[in-house]
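1. Sequence and predicted model, in that order:
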Amino acid sequence: MLIDIHVHAMGYGATQATMLAGLEEAGLDKAVILSPPPVWDSRDHEVSMRDSADWLAQAVGGAEDRLIPFVWTAPMPSRRWTTPSWSWGSVASR
């Protein structure tokens, strides 16, 4: 059995269908799907931890045999989380 233990569901554009299709394409049996962080996009789109958890529950609902939910939590709810200004490409080129 092959399980990807760290899959980012990149916000509200991801669907259960696209996640399951990705598993099939990669030849994987299951995946642990991480909820979007409280603020997840470069437009500073507000997403509460509750909204994020609710979205994930809906996204994996009915496919729990293949999609394992993993909810993001922030120990300091007042702290704002944003997408980093760097990219992996810039790190790799150093």
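-> Nice, thanks for sending it over.

2. Settle this for me: Leu34 is touching Val7, isn't it.
-> Yes: taking CB atoms under 8 Å as the definition, Leu34 is a contact partner of Val7 at 6.5 Å. C-beta here means a position set from N, CA and C on the backbone, and glycine is covered the same way.

3. those strands in the chain, which residues are they?
-> Shown for the chain, the strands assigned by DSSP state E span residues 3-8, 30-34, 67-70.

4. JSON lines for those, including distance to Leu23, mean neighbour count and mean pLDDT?
-> Formatted as JSON lines, these follow (distance: least, CB to CB, whole Å; neighbours: other CB atoms under 10 Å; pLDDT from 0 to 100):
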{"stretch": "strand 3-8", "distance to Leu23": "8", "mean neighbour count": "13", "mean pLDDT": "92"}
{"stretch": "strand 30-34", "distance to Leu23": "6", "mean neighbour count": "19", "mean pLDDT": "94"}
{"stretch": "strand 67-70", "distance to Leu23": "8", "mean neighbour count": "17", "mean pLDDT": "95"}
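
5. Take those and write them to JSON lines, including distance to Met19.
-> Output for the strands of the chain, formatted as JSON lines (distance: least, CB to CB, whole Å):
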{"stretch": "strand 3-8", "distance to Met19": "7"}
{"stretch": "strand 30-34", "distance to Met19": "6"}
{"stretch": "strand 67-70", "distance to Met19": "6"}
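
6. right, and these - which one's nearest Gln58?
-> strand 67-70 (10.1 Å; CB to CB).

7. Which strands border the closest one, and is each parallel or antiparallel?
-> Applying DSSP bridges, strand 67-70 is found paired with strand 30-34 (parallel).

8. For the partner strand, list the C-alpha coordinates in CSV.
-> Written as CSV, here are the backbone C-alpha positions of strand 30-34 (Å, rounded to 0.1, in the frame of the first residue of the first chain):
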residue,chain,number,x,y,z
LYS,A,30,-4.3,6.9,0.0
ALA,A,31,-3.3,10.4,0.9
VAL,A,32,-3.2,12.5,4.1
ILE,A,33,-4.8,15.8,3.0
LEU,A,34,-3.8,18.9,5.0
